[in-house]
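In: Turn this into a model:
(one chain, ligands or ions: 2)
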Amino acid sequence: MKTFIQKRGLGFFVIAAILLWLKTYTAYLIEFKLGISNVLQHILLFVNPISSSLFFLGFALLFKKKWQPAAIIVIHFFMSFLLYANIVYYRFFNDFITLPTVMQAGTNGGQLGDSAFSLMRWTDMFYFLDTIILIVLAVRMKRQQQTSTATVPVQKTKSFRLVLVSSVLIFVVNLIAAEIDRPELLSRSFDRNYLVKYLGAYNFTVFDAIQNVKSNSQRALANSSDVTDVENYLKANSADPNPAYYGKAKGMNVITISLESLQNFVIDYKVNGKEVTPFLNSLAHDNKTFYFDNFFHQTGQGKTSDAEFMMDTGLFPLSQGSVFINKAQNTYQALPGILKKDQYTSAEFHGNTKTFWNRNEMFKSFGYDRFYDSEYYDMNEQDTKNYGLKDKPFFKESMPMLENLKQPFYSKFITLSNHFPFGMDEGDTDFEPGDFGDSVVDNYFQSAHYLDEAIEQFFNDLKKSGLYDNTVVIMYGDHYGISENHNEAMEKVTGEKIGDYENAQLMRVPLFIHVPGVKGGQIHKYSGEVDVAPTLLHLLGDDTKNYLMSGSDILSKNFKELVPFRNGDFVSKDYTKVGNNYYSNKTGEKIEPTEKASQENETVKKMLETSDKIVTEDLLRFYKPKGFTPIERNDYDYTKKVQDEKDSSSAKDESSSSSK
Ligand code: GP9
Ligand code: MN
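Out: Ligands and ions are numbered 1, 2, ... in the order given. Below is the predicted model of the structure:
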């Protein structure tokens, strides 16, 4: 190996690559909170800078021999600079730099502004020390070469190819190992921290750049006339408000709760003779709350975030990848923005890092005033599990923040405890897991019960605080929790054989809407997550005809009971379609498609197409609803320090206005 390196004159290159590799690894350990949870992840963290170091520095080998050291130094410096820029950015934002943040830097002073300097430390010189070492080495080499007469004949393209192939090979092995530990890492992307943890800071930058170029090219060709078609279609298909409910919640606060992975089969279900969700069951039967028992999730790969997207925009998420990650820079007319004209303050509460699902970027486009993420909560060991804070402490600690919000507010709470692989720690709940011969299914009942207890606790606190009487509460299961892999145990749970038809029926998630002073009851209409935003808007007295939404008001008399799934399958009042097969809901048997069923299929296609056109081409930038003030992304920042400043300045505003 040694002679090989010497023969090719690659010594300087190898030193540069090793220095960059070790420095990057050190930075990972010292500067970023990447949440390493097993040995494989740690190995990947150690290994991942190798491929990018080789790959990028490798381009220097295309230069003439005498220029190679200089080229290596320049590339090394730029990579060090990128790493350091990420370090400084992370110190403030707890996030990595993305292309859109760089693009916006010009218009908003990079958000960091002058504070960038205050985030630098003298010890940071370490991050450039190796570049200096390389310069010294290069100068020495030059001198030595001048005194010696021997020159090594090297074929530069051969060296380049060799380095390139090795870096790609290492990268592929790295990627395979990453996908084993975290399936669908690239297609779903999850969180920038994850991408850096598994693939490295440099590869992340490349990945981010590719994603952005892809996304921008989709929107580049669209123009304002494209919006007319979708506008005509959506307006012709929107459902009229039901006078019995229209405006019945005008001016009230809104609390929307995402019930993690909660499927509808748990409602009224008993394990060992005990109700799994006694509190939610009581709401399902109290006639004061609307309970929708034929309500389906419509999420794709973006899971929780896809559900949030539908709740806030009434549009479908993407068929591939998470819309929160791929389309966060779009223009949206989402509920936080829409409700601003009625002086609503908006806030999301979630006991996980704000970068997960790119929420901190998407919420800027939605116009969320506040985002209370894990930085606001006590994330101690006992109160946390997998993704973050357990639901009981989450709701408890959220109460004072919620009570401090200026009313009326629109707020969203994202629970976490009932997340795969489910189950709770000892002492969290006394509910025993089920006994269906599959630990995932068994434990599901335990964490679902815990979630139910947490909701009850939250309702009690809302009542105590007085908020309950003036607040619409919406609760929805965000997506399925038990995948098809567990159908054997699920057959024991449901007592029936589970085929394609039954599987589709299992995509039901519960939806509850409580409106103070409005009589509720069970609603059996077939509906889905895109329909919640329009339903809520009508309750608040805002006609959805003003907005471009795919969903429609479930409480409307002309609501069409047709629920597209993100993959093009659907469930309607009468039919279910899975793949190429149609089923009758009455019998559950496969049927030849009737004219009505085929028509529904066409409508589903059109609905998804229309929504996708709006989202992928960013068409809402050409549309301005009546009374809607466009959202300026730069007005929003969810860094805790910035939000705290906002809190104190808004408190000042209030005291100065009250003293007038
Ligand atoms: C993470 C939480 C869980 O913040 O929303 O996401 P999921 O895996 O359910 O999409
Ligand atoms: Mn979820």
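In: List the buried residues for stretch 189-199?
Out: 189-199 (16 or more other C-beta atoms under 10 Å). C-beta: built from backbone N, CA, C; applies to glycine.
In: Let me see the mean pLDDT of that stretch.
Out: For stretch 189-199, the mean per-residue pLDDT is 90.
In: show me what contacts the residue in the chain that ligand 2 sits nearest to?
Out: Proximity of the chain to ligand 2 (C-beta to the ion) peaks at Thr304, 3.3 Å away. When contacts are counted by C-beta atoms under 8 Å, 6 or more residues apart in numbering, Thr304 touches 258, 260, 357, 414, 478-479.
In: Tabulate those residues (TSV), appending pLDDT and distance to Asp95.
Out: As requested, the contacts of Thr304 are exported to TSV (pLDDT from 0 to 100; distance: C-beta to C-beta, whole Å):
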residue	pLDDT	distance to Asp95
Ser258	98	22
Glu260	98	23
Trp357	96	13
Ile414	98	18
Asp478	98	24
His479	97	25
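In: Out of the residues you listed, which sit inside strands?
Out: If you go by DSSP state E, the contacts of Thr304 have 258, 414 in strands.
In: near ligand 2, from the contacts of Thr304?
Out: 260, 478 (C-beta under 5 Å from the ion).
In: Would you mind listing what in this structure touches ligand 2?
Out: 260, 303-304, 478.
In: ok, and the most crowded of these?
Out: Ranked by the number of neighbours (other C-beta atoms under 10 Å), the residues of the chain next to ligand 2 place Asp478 first, at 27 neighbours.
In: nearest residue to it other than its sequence neighbours?
Out: Residue nearest to Asp478 in three dimensions, not counting chain neighbours: Ala307, with 3.9 Å by C-beta to C-beta, 6 or more residues apart in numbering.
In: do you know how far that neighbour is from Val323?
Out: Here Ala307 is placed at a distance of 11 Å from Val323 (C-beta to C-beta, to the nearest Å).
In: Looking at the two, which has the bigger crowd around it?
Out: Higher neighbour count among Ala307 and Val323: Val323, with 29 against 25, using other C-beta under 10 Å.
In: can you count the residues close to Glu275?
Out: With other C-beta under 10 Å as criterion, Glu275 counts 18.
In: and the residue nearest to it when sequence neighbours are not counted, what does it touch?
Out: Closest residue in space to Glu275, ignoring its immediate chain neighbours: Asn281 at 5.6 Å, by C-beta to C-beta, 6+ apart. Contact analysis of Asn281 by C-beta under 8 Å, 6+ apart lists 267-268, 275.
In: and after the helix or strand harbouring Asn281, which helix or strand comes next?
Out: According to DSSP states H and E, Asn281 maps onto helix 278-285. Downstream of helix 278-285, the first helix or strand assigned by DSSP H and E is strand 290-292.
In: Check which helices and strands that next one sits against.
Out: helix 278-285, strand 511-514, strand 521-523 (3 or more C-beta pairs under 8 Å, 6 or more residues apart in numbering; DSSP states H and E).
In: Adding mean pLDDT and distance to Val230, write those out as TSV.
Out: Output for those, formatted as TSV (pLDDT from 0 to 100; distance: least, C-beta to C-beta, whole Å):
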stretch	mean pLDDT	distance to Val230
helix 278-285	98	36
strand 511-514	98	26
strand 521-523	98	28
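In: for those, which one sits closest to ligand 1?
Out: strand 511-514 (17.3 Å; C-beta to the nearest ligand atom).
In: how far does the closest one sit from the chain's center?
Out: How far strand 511-514 lies from its chain's middle: 24 Å, per C-alpha atoms, centre = their mean, to the nearest Å.
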